[in-house]
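J.: Need a 3D model of the following:
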Amino acid sequence: MYAFERILVPSDLSKCARKALGLAISLAVRYDAELFLLFVDDSRPDSGAWKSHSRMKAEMDNLEDNEQKLLSIYEEVAQEVSEATGLPPINRDRLAVRVGAGEPSREILAAAEDARIDLVVMGTHGRTTIKEFFVGSTTERVVEQSTCNVLTVKPDGYPYLRD
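T.: Below you'll find the model as predicted:
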């Protein structure tokens, strides 16, 4: 039996990421594990490319906004999980939030290693685009390269092979 102590939930703030967060919250409560929430903004240049103070301030404001969005979604999902399962909400001192920028799979893998994560719980959109065919999805890269367990969560309505 696995006893997870540190669970990482990367989020792109999508419905599927919300579903993965709900599962991660229930696992964290059941195992009394620490829960790490991660949002990676890959649409911005790295900090070395910031040219001016005003641009840096705008980027910092963006990070703070994303952290607040992530915390807000966490609180909503935690309440839903608590009502659906009867589990108490996770203790706030067992929760860490990190917002950063960069290539998502690299940032997720780095965060998992930095925090000595036992389990990564992340959503997969189930998309099949030409870009993903050649490059692969973020989830796929994390599953392939992670040194810890990765639990992927399919979106609602995803067609299963048995159907």
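J.: What strand or helix carries Ala112?
T.: helix 104-114 (DSSP states H and E).
J.: tell me what that helix is packed against?
T.: When contacts are defined as 3 or more CB pairs under 8 Å, 6 or more residues apart in numbering; DSSP states H and E, helix 104-114 packs onto strand 6-11, strand 34-41, strand 95-101, strand 119-123, helix 138-145. Backbone N, C-alpha and C define where each C-beta goes, glycine included.
J.: Next, the buried residues of that helix.
T.: 104-105, 107-109, 111-112 (16 or more other CB atoms under 10 Å).
J.: The helices and strands packed on helix 104-114 into a markdown table, with extra columns for distance to Leu151 and mean pLDDT?
T.: What follows is those, written out as a markdown table (distance: least, CB to CB, whole Å; pLDDT from 0 to 100):
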| stretch | distance to Leu151 | mean pLDDT |
| --- | --- | --- |
| strand 6-11 | 9 | 94 |
| strand 34-41 | 13 | 90 |
| strand 95-101 | 18 | 87 |
| strand 119-123 | 5 | 94 |
| helix 138-145 | 10 | 91 |
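J.: could you dump the ones you listed to JSON lines with mean neighbour count?
T.: Formatted as JSON lines, these follow (neighbours: other CB atoms under 10 Å):
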{"stretch": "strand 6-11", "mean neighbour count": "26"}
{"stretch": "strand 34-41", "mean neighbour count": "22"}
{"stretch": "strand 95-101", "mean neighbour count": "17"}
{"stretch": "strand 119-123", "mean neighbour count": "24"}
{"stretch": "helix 138-145", "mean neighbour count": "18"}
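J.: Out of those, the one nearest Asp65 is which?
T.: strand 95-101 (9.1 Å; CB to CB).
J.: Tell me the strands beside that closest one, with direction?
T.: Within its sheet, strand 95-101 is paired with strand 34-41 (parallel), according to DSSP bridges.
J.: quick one: terminal-to-terminal distance for stretch 83-93?
T.: Distance between the boundary residues of stretch 83-93 (CA to CA, to the nearest Å) amounts to 21 Å.
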